[in-house]
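K.L.:
got a predicted model here, sequence first, then my questions.
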Amino acid sequence: MRYDAIIIGGGHNGLTAAAYLARAGRKVLVLERRHVLGGAAVTEEVFPGFQFSVCSYVVSLLRPEIIRELDLPRHGLEILPLDGTFTPMPNGDYLWRVNDHARTRREIARHSRLDAEAYDEYGRAMVAMGRFVKPILGMQPPDPTSLSPSGLKQLLGLFRRFQQLPPQDQYNQVQLMTMSSVDFLDQWFETDVLKATMSASGIIGTFLGVRSPGTAYVLLHHYMGEIDGAFRSWGLARGGTGAISEAIASAARAAGVEIRTMAPVSTILVRGNTAEGIVLENGDEIRSNVVASSVDPRHTFQRFLDPDMLPDEFVEDIRRYKFRGSSAKVNLALDALPEFTALPGPGPHLRGAISISPSVDYMERAYDDAKYGRFSRRPYMDIVIPSLTDTTLAPAGKHVMSCFVQYAPYHLKDGTWDEQREAFGDTVIDTLAEYAPNIRSIIRHRQVVTPLDLEREWGLSEGNIFQGELTLEQLFFLRPAPGWARYRTPIDNLYMCGSATHPGGGIMGAPGRNAAMRILSDRTA
Amino acid sequence: MTTAIVIGGGHNGLVAAFYLAKAGVTPIVLEARDEIGGGAVTSEIHPGFRCPTLTHEVLLQQRIVRDMDLGRHGLELLQPAARVCSLSPSGPLVIYDSPDRTNQSVRAFSGKDADAFPAFEKAVERTASVLASVFEYVPPSITSPAGTDLWNLLKTARAFRSLGRRDAYRLLRWGPMPVADLMHEWFDHELLRATVAAPAVTGTMLGPRSAGSSLMLLMRDAHRQLAGGSPLRVKGGPGRATRALAAAARAAGVDIRTSTPVERILVRDNTIRGITAGGKTLEADVVFSTLDPKATFLRLIEPSELSPDFTGKIQNYRAAGTVAKVNLALASLPDVGCAPESLTGRIQIGPDLDYIERAFDHAKYGEFSERPWLELTIPSLIDDSLAPQGAHVASVYVHYAPRSLRSGDWTVARDALLDAVIAVLEGPAPGIRSQIVGAQVITPFDLEREHGLSGGHIFHGELALDQLFTMRPLLGHARYRTPIRGLYLCGAGTHPGGFMTGASGRLAASTALTASEI
């Protein structure tokens, strides 16, 4: 039997692509290597009774059109609010921003009156910027070197929209695209801890520091969710992030998609220059008209294909596509809640994100360690305790705590990640203990997910959570390779549909949806 | 008859003045210091020893050299054999003008790199040629591009197109990339990586791992192309070059007055009225300021004459200097273990990317580098008028030295900085300490106070993506005009930026002239 399309990888992008193709009447098979679906958007019971969003842990960017079109709420998706960001400081003070604008203003005014005023202005500016950028996410990136009429039209369209922005917004937009988060924020704010916490979003998944140009752009992502109005900027999925994948999988199945887990692919079948299906590791051949790979380009083009089949230039471009994972996860099963010295008690500040980013210098020093090949002695952390919001995740009275930790460079100068795992875990706990001294006594279990684990277990090359760095030279028409940003590949009927394509990583679903649209338009043309 | 005043007798001011004079608007150039030249001067640092005070590079555009007939006014071009000599514990790597000699030198470190180097140079030259086309015109208006704007952009689009797909994408990719990544893509040996990468972070608040640093490399090459060759080939260095510029300007009728610091730019009803200097008012219909944007708008103009929004943006214009200059008088040529001929170009001490990056780390926290990386020239090797027989001068750029020190201040830190520089020099040039007969230390604080550079920034503001082309100094104000009618900017704080090209002066003058605004 022959499928219309085989999707390699049952992560959220693969499943999204599959759902869209099936809804257009195509016969689709999804192949997942692991025993669970979801890729890095997965919930697993790591310790008995404790459910963890092992890798990706919050949702902010899932495209509202995907939620709507695939009717995800009917398939079980429920997004719970994750309200606020709490940043404890070493001096015993803290910064606690919440969705309630008036309260946040008052809180910021406690640190700086000027900043409180600037915060309003900043919010307005970012919403305007987000409105400009949003349509680009759903775009098939043009090829700027081809000067084809359609590509030119797209580029001109972008320029026209830019031209129509008010001058102040043009100014902001240009700055956002080019500046470092700290330089950008310096223009608005004076409070160090505020700038540090805000700038953190600019470095996630990159091998850059908060002072490196090009990191400002990601600040926008925090405001995009709000524009859509569908949900708050940050949320948690009930049942963990795996529930998002499950909901998309359910929508895909309802549309007729066949999904197999524990079905690792070994090779993509190519005849002439056309993909014809895949071979599983167990030797089974499965034929299809189209193959779409949601795994990263290193797997797709260096493992599933013989590079000799590909143009040299392309092979070269993929070879130097930068992964360089820089982050790790530490998942903790807790007997009780942490007590922060800065704000004791189990207050609502524990229900949002907890950010260990007390100063810009702290962030920058964390990066300095990574530059020279070691994990940060005092890392930046983004922490959530989802069991406070979703009680199904842990036994009564107990909690799960997810710590996203940066920097944890994939390439260590000394030793391997397997050797460094516990030392790294200890560093994370030591850092936490500086703000919440009771942490050591309440840890029941600890799981350390190193960049090497992300590579081995989740197939993320070099442990990069976004399937490749989100830096300017790897975005838009350059993602993942110059000239191959439109989901096609040099092999006919082989497509890419994962985070390594425009608009990149995060639980967004846009690459999967965009790729499905590309496949459908190619196949009907 | 239009009266024009040019504030600042640096190279851009002299170039602007020349073009204005040629068009019949004979300006007065007012220079605060007692000699013309601005950042491009040669001065006596020790009895009998003369050294380029600040910049030691000249990249005057060929068309300016031609238009001003600088050859006739004393400009002499040389052909130094070496471009850069990079000193390291494992010996010197020299990039010569001659590809064969370069190949030989690089091959001693890595055969693979020796093979890759010519291809890299070619790729840089090709991609940079598109930037060179951009450096020759006034940045377009974004809101209402005029015919010339579209024509210029079309020319650039054509240059971009003619690169072919490979190089076109290179330009797009390289622009935002950290130069360290670019080096890893091309070369294996750390010494070569550091040697090629260092110019990309010169004078900026960037380390080799900072995104956007590769663009600086391309920009430098574009300027080199427009200058028609090495930045070190002007005989006598920058001081001689500005003297030639001044001579040409005077010959065109320009009135140059030194020791005349401008105290105020006078504005009424949003229109220029003139300036005051030495307590005296000079009326003018047009004023060109070669000073940096911050100095021009925040120091010389009454704040009430500018909108708060504009003033705020100028305040946010990034111009935090990161460089100090040390000029040394040397009793004899330091022994670095290579032939004097190899030292006729730039000399670099900063043997690997991490070394440079670590030097940069200090700057982020408001400290000067413990072990700075150095870029120096020994101009007396090709110009024996600079030092007594057998003696030499060294012009040393020291990275990094941030303008604002977190603890202490530059009046105190100056000696410690000199010590750090000498300690680094002692590595490849053992015994240099005892050869030093005189030293001049110019900290970023001095650059600001004595040379009028806001923040001590040698390029009149960071050369970064957000402050280039249509955004230099600000989006909407990148066409040399300012919110004040009749006031123009023509210094390095405008497109296409620093490096002593004269381009800003030429383009500013042509903007004012072609728009028949004067």
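P.N.:
Received the coordinates, thanks.

K.L.:
can you give me the buried ones in stretch B:92-101?
P.N.:
Residues B:P92, B:L93, B:V94, B:I95, B:Y96, B:D97 are the ones in stretch B:92-101 that count as buried (16 or more other Cβ atoms under 10 Å in any protein chain shown). Every C-beta, even on glycine, is put in place using the N, C-alpha and C of the backbone.

K.L.:
check contacts around residue 509.
P.N.:
All of this is about chain A. A:G509 makes contacts with A:H12, A:N13, A:T16, A:L62, A:R63, A:I66, A:I248, as judged by Cβ atoms under 8 Å, 6 or more residues apart in numbering or on different chains.

K.L.:
that's the wrong chain, I wanted chain B
P.N.:
B:V15, B:A16, B:A17, B:Y19, B:L20, B:A23, B:F288, B:C490 are the contacts of B:A509 under Cβ under 8 Å, 6+ apart.

K.L.:
leaving out the residues flanking it, which one is nearest to it?
P.N.:
Sequence neighbours aside, B:Y19 is the residue nearest to B:A509 in space, at 3.8 Å (criterion: Cβ to Cβ, 6 or more residues apart in numbering or on different chains).

K.L.:
mind checking how far the one you found is from chain A?
P.N.:
Separation of B:Y19 from chain A (Cβ to the nearest Cβ, to the nearest Å) stands at 30 Å.

K.L.:
okay, and that residue sits in which element?
P.N.:
Assessed by DSSP states H and E, B:Y19 sits inside helix B:11-22.

K.L.:
what comes into contact with the very next helix or strand once past that helix?
P.N.:
Counting by DSSP H and E, the next helix or strand C-terminal to helix B:11-22 is strand B:27-30. Outside strand B:27-30, the residues that touch it by Cβ under 8 Å, 6+ apart are B:4-9, B:13-14, B:16-17, B:20-21, B:36, B:249, B:254-257, B:260-262, B:275, B:277, B:282, B:288.

K.L.:
need the next SSE after the helix or strand bottoming out on mean pLDDT in chain A, C-terminal direction.
P.N.:
Sorting the helices and strands of chain A by mean pLDDT, DSSP states H and E puts helix A:221-228 at the bottom, at a mean of 60. Per DSSP H and E, helix A:221-228 leads on to strand A:235-237 as the next helix or strand towards the C-terminus.

K.L.:
contact partners of the helix or strand just after that next one?
P.N.:
Following strand A:235-237 in sequence order, the next helix or strand is helix A:242-254 (DSSP H and E). Under the criterion Cβ under 8 Å, 6+ apart, residues A:10-12, A:15-16, A:18-19, A:22, A:28, A:30, A:36-39, A:41-44, A:53, A:59, A:62, A:66, A:70-73, A:75-78, A:237, A:239, A:259, A:507, A:509 lie in contact with helix A:242-254.

K.L.:
same check, this time on stretch A:363-371
P.N.:
A:196, A:199-200, A:203, A:207-211, A:326, A:357, A:375-380, A:406-409, B:209, B:354, B:357, B:361, B:364-365.

K.L.:
and the longest helix seen in chain A, anywhere near chain B?
P.N.:
Using DSSP state H to define each element, chain A has its longest helix at helix A:113-137. No: Helix A:113-137 stays clear of chain B (Cβ under 8 Å from any Cβ of the partner chain), getting no nearer than 11.2 Å.

K.L.:
now swap in stretch A:411-431 and tell me
P.N.:
No: Stretch A:411-431 lies out of reach of chain B by Cβ under 8 Å from any Cβ, never closer than 10.4 Å.

K.L.:
re the thing from before, so of the contacts of stretch A:363-371, which ones are in strands?
P.N.:
Among those, DSSP state E puts A:Y380, A:Q406 in strands.

K.L.:
which ones among the contacts of stretch A:363-371 map onto helices?
P.N.:
Those of the contacts of stretch A:363-371 lying in helices (DSSP H): A:A196, A:S199, B:D354, B:E357, B:D361, B:K364.

K.L.:
check contacts around the third one.
P.N.:
With contacts taken as Cβ under 8 Å, 6+ apart, B:D354 has the following neighbours: A:K371, A:Y372, B:E190.

K.L.:
give me the pLDDT for it.
P.N.:
Model confidence at B:D354, given as pLDDT, is 98.

K.L.:
the fourth one too?
P.N.:
On pLDDT, B:E357 comes in at 98.

K.L.:
correct me, but it touches B:V201?
P.N.:
No: the pair B:E357 / B:V201 is not scored as a contact, 9.2 Å apart, by Cβ atoms under 8 Å.

K.L.:
in contact with the closest residue to A:R238 other than its chain neighbours, which residues?
P.N.:
Sequence neighbours aside, A:E78 is the residue nearest to A:R238 in space, at 4.2 Å (criterion: Cβ to Cβ, 6+ apart). The contact partners of A:E78, by Cβ under 8 Å, 6+ apart, come to A:A237, A:R238, A:G239, A:A243.
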